[in-house]
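[1] just coords:
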């Protein structure tokens, strides 16, 4: 069975709740949060967790390089 053959989950007022399709159980399942915040874990193509702080540091380093290049170019 596929996701398009099942109804999505709704709350007591009939409004959709945060959910995802679980292919193993063939059911929509509620996404639970902690203190009202949903959390995600990013993984690379091999399933290893991506450390977001490392990603931010890499982006900042590239931005610093770009700023330095612009300053040195006299623009």
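    Good, I have the coordinates. Because the structure is a prediction, the values reported are computed rather than measured.
[2] What separation do you get for residue 33 and residue 22?
    17 Å (Cβ to Cβ, to the nearest Å). Using the backbone N, CA and C atoms, a C-beta is placed for each residue, glycine as well.
[3] where's the residue nearest the centre of the chain, which helix or strand?
    Centroid check for the chain by Cα atoms, centre = their mean gives residue 40 as the closest residue, at 5.0 Å. Using DSSP states H and E, residue 40 is not contained in any helix or strand.
[4] can you check residue 62 too?
    Per DSSP H and E: helix 52-73 holds residue 62.
[5] Contacts for that helix, please.
    For helix 52-73, the surrounding residues in contact (Cβ atoms under 8 Å, 6 or more residues apart in numbering) are residue 42.
[6] go on, stretch 14-27?
    For stretch 14-27, the external contacting residues (Cβ under 8 Å, 6+ apart) are 1, 3, 6, 8-11, 28-31, 33, 38.
[7] What pLDDT does the model give residue 36?
    Predicted confidence (pLDDT) for residue 36: 76.
[8] what does residue 3 give?
    83.
[9] how about the nearest residue to it once chain neighbours are set aside, phi and psi?
    Distances taken as Cβ to Cβ, 6 or more residues apart in numbering place residue 21 nearest to residue 3, at 4.2 Å, with adjacent residues excluded. The phi/psi pair for residue 21 (degrees, to the nearest 10) reads phi -90, psi 120.
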